[in-house]
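Asker: Need the 3D shape of this:
(chains A, B, C and D)
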2 protein chains.
Amino acid sequence: MTPRRPAGGAAGAETSSREKILDVAEALFAQRGFSGVGLREVADAVGLGKSSLFHHFRSKVDLYLEVLGRVLARIEERVGPVRASALGPAEKLDRCIDALVDALAEQPATARLLLRGLFEDDAFPPEAAAQVAEAERRIQTLIQGIGSILREGIEQGVFRPVSVAHTIQTLIGATVYHFASGEFGEELIGSPLLSGDEVRGRKDHLKALLHHGLGA
Amino acid sequence: MTPRRPAGGAAGAETSSREKILDVAEALFAQRGFSGVGLREVADAVGLGKSSLFHHFRSKVDLYLEVLGRVLARIEERVGPVRASALGPAEKLDRCIDALVDALAEQPATARLLLRGLFEDDAFPPEAAAQVAEAERRIQTLIQGIGSILREGIEQGVFRPVSVAHTIQTLIGATVYHFASGEFGEELIGSPLLSGDEVRGRKDHLKALLHHGLGA
DNA sequence: GTCTATACTACGATAGAC
DNA sequence: GTCTATCGTAGTATAGAC
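Answerer: As a prediction, this is how the structure comes out:
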């Protein structure tokens, strides 16, 4: 949607093949998962031959993990600054939800890919172990950020003494699942999940529920 | 886990091949999804040749949809009676959560398969359209059951006037995702998700959050 | 950087013996 | 009801010309 210039390259260059592949693969992996997508389908959608993909990515697993890495980067970009801010727990949690929801709503594939990353075990080959471990570490860091906010709030008495782990699980489900629910969610809600109004509505719902639900 | 006698058959019969296949396929499909599982893997795990599966199921899609149907039946069995009961909205919602959580915690594959059914679009062939439509209808019925409880509660003033659709989405995420989160969730919670203590803990967390979060 | 050609494996599904 | 054998296709990945 927002093509950028290559990092230090000359002006006038279009989106690189690499980025095109990543964009297409992201949409497809989000819809049907790692095993559900063939490289031929990716290549066709990009407008390349199947073999050309291997010039840009070592393997299908490599492509998938780079897609996942981009998704995580998008979320970190939004949530990171909130975590580093000096707000109180209640306000910080609100801003954290805003940031997470914005990140998940920014592109339709984000939530589905993250959800798949959270509950699927795709049995990746051992040579990808390092990349898999790094993705897990980044997710852990995000989770622990939310955990810190909740713990701080409980210590300060602004939140009820709830289970931090259970609350995180609820929060993940309420955000990631919602924006991953696609057609099903849209039929239930009755309007596009990613429209500006709907995104605002989701934030309001979540913040109100937590305000009443966690408030001391 | 609970082998039953064949419907009208003689005593002493062990679990039928058909049920063995369904059990094995359920576990595998839950872990890796429709495309991630090969029929050879299913057959090996059951102890049959690959071709023998086609004696019991017309196709892989047929097998998958029958697995999904069993999962839905398990949930309906628990949630249905609650919906039909004559309790007030607040108590009915509590019992509904108990029933749903019990159903999801009964077998480890249930939540993952349901979650996949909710957000995945597996592009099934047109000849399976009827079976797919029936599964969607059953899910819709379950959803509408919860919707009715929420609407009734709001009308009677025992719940805040929240968005019913958003609350349902939150509830699905908080229950189905939690029990589908597998290794990730267990690491976060720190103990097996399906143990008796943990299941009770999850129910308590959810009911407390909703009690405070929805209470008028 | 993209292509054609190809290797090798696995897939879902069918036919037919037993 | 299970088996072996086989079909046709598609999967990931590599080699090498351009």
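
Asker: how about the helices in chain A?
Answerer: Here chain A has its helices, by DSSP state H, at A:17-36, A:39-46, A:53-56, A:60-84, A:89-106, A:108-119, A:129-155, A:164-172, A:178-180, A:182-189, A:196-214.

Asker: Give me the distance from the fifth one to the chain's centre.
Answerer: The gap between where helix A:89-106 is centred and where its chain is centred comes out at 13 Å by C-alpha atoms, centre = their mean, to the nearest Å.

Asker: Pick out the residue of chain A closest to DNA strand D.
Answerer: Closest residue of chain A to DNA strand D, C-beta to the nearest atom of the strand: residue A:38 (2.5 Å). Backbone N, C-alpha and C define where each C-beta goes, glycine included.

Asker: tell me the most buried of the helices of chain A?
Answerer: The highest mean neighbour count among those, using mean count of other C-beta atoms under 10 Å in any protein chain shown, belongs to helix A:178-180: a mean of 27.

Asker: which stretches of chain A aren't confidently modelled?
Answerer: A:1-13 (pLDDT under 70).

Asker: and with 80 instead?
Answerer: Of all residues in chain A, those with pLDDT under 80 make up the ranges A:1-14, A:121-122.

Asker: How about the residues of it by DNA strand C?
Answerer: Contacts of chain A with DNA strand C, taken as C-beta under 7 Å from any atom of the strand, map to A:17, A:43, A:47-52, A:55-56.

Asker: Next, format those as TSV and append distance to residue B:100.
Answerer: TSV is the format used below for the residues of chain A next to DNA strand C (distance: C-beta to C-beta, whole Å):
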residue	distance to residue B:100
A:17	47
A:43	43
A:47	46
A:48	46
A:49	49
A:50	44
A:51	49
A:52	48
A:55	49
A:56	45
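
Asker: Would you reformat the residues you listed as JSON lines and include distance to chain B?
Answerer: What follows is these, written out as JSON lines (distance: C-beta to the nearest C-beta, whole Å):
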{"residue": "A:17", "distance to chain B": "26"}
{"residue": "A:43", "distance to chain B": "18"}
{"residue": "A:47", "distance to chain B": "22"}
{"residue": "A:48", "distance to chain B": "23"}
{"residue": "A:49", "distance to chain B": "23"}
{"residue": "A:50", "distance to chain B": "18"}
{"residue": "A:51", "distance to chain B": "22"}
{"residue": "A:52", "distance to chain B": "24"}
{"residue": "A:55", "distance to chain B": "26"}
{"residue": "A:56", "distance to chain B": "23"}
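
Asker: what does chain A put close to DNA strand D?
Answerer: A:37-41, A:50-51, A:54, A:58-61.

Asker: now for the residues you listed, which pair is the farthest apart?
Answerer: Spanning the widest gap among those are A:41 and A:58, at 18.9 Å by C-beta to C-beta.

Asker: so what's residue A:168 up against?
Answerer: A:143, A:146-147, A:150, B:188 (C-beta atoms under 8 Å, 6 or more residues apart in numbering or on different chains).

Asker: let's see 7 Å
Answerer: Going by C-beta atoms under 7 Å, 6 or more residues apart in numbering or on different chains, residue A:168 touches A:143, A:146-147, B:188.

Asker: Tell me which two of these sit farthest apart.
Answerer: A:146 and B:188 (10.6 Å).

Asker: okay but residue A:110 is in contact with residue A:74, surely?
Answerer: Yes: taking C-beta atoms under 7 Å as the definition, residue A:110 is a contact partner of residue A:74 at 6.3 Å.

Asker: residues contacting the residue of chain A closest to DNA strand D?
Answerer: So residue A:38 contacts nothing (C-beta under 7 Å, 6+ apart).

Asker: Relative to residue B:116, how far out is it?
Answerer: Residue A:38 is 19 Å from residue B:116, where distance means C-beta to C-beta, to the nearest Å.

Asker: tell me the contacts of residue A:173?
Answerer: Residue A:173 neighbours (C-beta under 7 Å, 6+ apart): B:173-174, B:177-178.

Asker: Quick check: it vs residue A:180, distance?
Answerer: Residue A:173 sits 10 Å away from residue A:180 when distances are taken as C-beta to C-beta.

Asker: same check, this time on residue A:18
Answerer: Residue A:18 is 26 Å from residue A:180, by C-beta to C-beta.

Asker: for residue A:24, same thing?
Answerer: Counting by C-beta to C-beta - residue A:24 and residue A:180 are separated by 19 Å.

Asker: before we move on, back to that, phi and psi next, for the residue of chain A closest to DNA strand D.
Answerer: Note on residue A:38: its backbone torsions stand at phi -100, psi 150 [degrees, to the nearest 10].

Asker: Next: residue A:157.
Answerer: Dihedral angles (degrees, to the nearest 10) for residue A:157: phi 80, psi 10.

Asker: wait, it sits on residue A:214?
Answerer: No: Residue A:157 lies out of contact with residue A:214 (C-beta under 7 Å); the separation is 11.6 Å.

Asker: how about the residues of chain A near chain B?
Answerer: Within chain A, the positions near chain B by C-beta under 7 Å from any C-beta of the partner chain are A:31-33, A:35-36, A:112, A:115, A:118-119, A:121-123, A:143, A:162-163, A:165-166, A:168-170, A:172-174, A:177-178, A:180-185, A:188-190, A:201-202, A:205, A:209, A:212-213.

Asker: let's go with 6 Å and repeat that
Answerer: A:33, A:35-36, A:118-119, A:163, A:165-166, A:169-170, A:173-174, A:177-178, A:180-182, A:184, A:188-189, A:205, A:209, A:212-213 (C-beta under 6 Å from any C-beta of the partner chain).

Asker: which residues does residue A:150 contact?
Answerer: Neighbouring residues of residue A:150 by C-beta atoms under 6 Å, 6 or more residues apart in numbering or on different chains: A:164, A:167.

Asker: same thing but at 10 Å, please
Answerer: Shown in contact with residue A:150 (C-beta atoms under 10 Å, 6 or more residues apart in numbering or on different chains): A:89, A:92-93, A:96, A:159, A:162-165, A:167-168, A:171, A:214.

Asker: what's the closest non-adjacent residue to residue A:60?
Answerer: Nearest residue to residue A:60, sequence neighbours excluded (C-beta to C-beta, 6 or more residues apart in numbering or on different chains): residue A:39, at 5.9 Å.
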